[in-house]
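Q: Turn this into a model:
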Amino acid sequence: MPTQSQQHSALTPQLAIESIGSGKDVILLHGWGVNSAVFNRLAKALTQLNYRVHLVDLPGFGDSQFEGQEFNQQSFAAWAQTLVNQLPQNAIWVGWSLGGLLASHIAINHPDSVSALVTVASSPCFMAREQQDERSWPGIQAKVLKQFSHSLQQDLAKTVEQFLAIQAMGSPHAKADIKQLKQLVLAKPLPNPQALSIGLTFLAEVDLRAQLERIDQPWLRLWGKLDGLVPFKMVPMLTTRPNIKDISFAKASHAPFISHAEEFESELANWLQTQT
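A: As a prediction, the model looks like this:
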C-alpha cells in the first residue's frame, strides 16, 4: 500500500522542464495563457553567459501534465510546491507576470530554493483593489477577468489570442510583438482549460503585498511603463529596500523581453553578474 507521500506524488503533475547550458541554475517561469517557448531567445542568451537555464511549463500549460481536480485545484501553494519539488535548489528564479507571482511566493516560503529573484511585469496583487484608508491599488479590473473566464468556456484559442493582444498593448510595435508571441505559444499545445481557469483565480485572489518584506534575497524588478495589465503607477507603492532594484523600459508593455529584447537581456545580464 503506497504511503501518503507516494499518493501525493502520484497526483502531482509532471512538469515539462527543458534544461540547457551549464553553470549557475536559472529558472524561467512564464505567465498566464502561454508556455516556456516565449523565453526561447532569453534562454539562449543566458546560456551564452554560462548559466544553466531551466525552461518550465507551468501545470497544464505547454507540455506539462495537469491532474485536474485531484491536484488541489484552488491551491496556489500547491502549484508553488510542485515547482520546488521538481527544480534545483539555490537557483535564480525569473518569473514573468503570473510566473513572477509564483516565484515571489517561493522566495518567501521556500527561501532555500531561491538565491536571487527576478520578477518581470509582475504584481504582488494583480487585481485592482478599492481601499478605504489608503490609495486604491491599481491593477486588472474585476470585469476584465470575469470576461476572460466567460470567454474560456466559449472559445479557448480565441481567448488566448485576445490575451496576447492585451499583453502587447501600448508597445510601439504591438502587431509584431503579438505575432511573435502567438508563433511561440502555438509551438506547443494550447493550455488545459481548467488550468487557465485556475490561473485566473490566482490572478484574482492572490495578494502577497503584506509578505514582500520577507523577501531577503537580491531582487530585480523589471517593468514596462506602458503595461496595460500591471500599471506602472503601482511601482512607487511597493516596498523598497537595499536588496531590491527596479528597472523600467520606457516604451515597453507587458512583455519587455519580447518588445525590447536586446535592452532587456543587457539589463538582466548586468544585474546577474553582480549576484554570481
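Q: does the nearest residue to residue 170 once chain neighbours are set aside count as helix, strand or coil?
A: Nearest non-adjacent residue to residue 170, counting by C-beta to C-beta, 6 or more residues apart in numbering: residue 226, 3.2 Å away. For every residue, glycine as well, the C-beta is placed using N, CA and C. With DSSP: H, G, I helix; E, B strand; the rest coil as the basis, the three-state label of residue 226 is coil.
Q: can you count the residues close to residue 226?
A: As a burial measure, residue 226 scores 22 neighbours (other C-beta atoms under 10 Å).
Q: low-confidence ranges in the stretch 1-150 of the chain?
A: For the stretch 1-150 of the chain, the stretches flagged by pLDDT under 70 are 1-11, 68-74, 131-135.
Q: Surely the residue nearest to residue 170 is in contact with residue 248?
A: No. In this structure, residue 226 is not within contact of residue 248 by C-beta atoms under 8 Å, at 10.0 Å.
Q: got any residues that touch both of those two?
A: residue 232 (C-beta atoms under 8 Å, 6 or more residues apart in numbering).
Q: Would you mind listing the residues in contact with residue 254?
A: Neighbouring residues of residue 254 by C-beta under 8 Å, 6+ apart: 97, 121, 166-169, 224, 227-230.
Q: how close does the closest residue to it other than its chain neighbours get to residue 158?
A: Residue nearest to residue 254 in three dimensions, not counting chain neighbours: residue 167, with 4.1 Å by C-beta to C-beta, 6+ apart. Note on residue 167: its distance to residue 158, by C-beta to C-beta, to the nearest Å, is 15 Å.
Q: the more surrounded of the two?
A: The neighbour comparison of residue 167 against residue 158 (other C-beta under 10 Å) goes to residue 167, with 29 against 11.
Q: isn't the more buried one right up against residue 181?
A: Yes. Residue 167 is in contact with residue 181 according to C-beta under 8 Å; the separation is 6.8 Å.
Q: If you count neighbours, what's buried in the helix or strand harbouring residue 198?
A: For residue 198, the host element (DSSP states H and E) is helix 193-205. In terms of neighbour count (16 or more other C-beta atoms under 10 Å), helix 193-205 has its buried residues at 194-200, 202-204.
Q: What is it packed up against?
A: When contacts are defined as 3 or more C-beta pairs under 8 Å, 6 or more residues apart in numbering; DSSP states H and E, helix 193-205 packs onto helix 98-109, helix 142-154, helix 156-168.
Q: show me the contacts for residue 115.
A: If you count contacts by C-beta under 8 Å, 6+ apart, then residue 115 has 90-92, 217, 275 around it.
Q: Which secondary structure element is home to it?
A: Counting by DSSP H and E, the element that carries residue 115 is strand 114-120.
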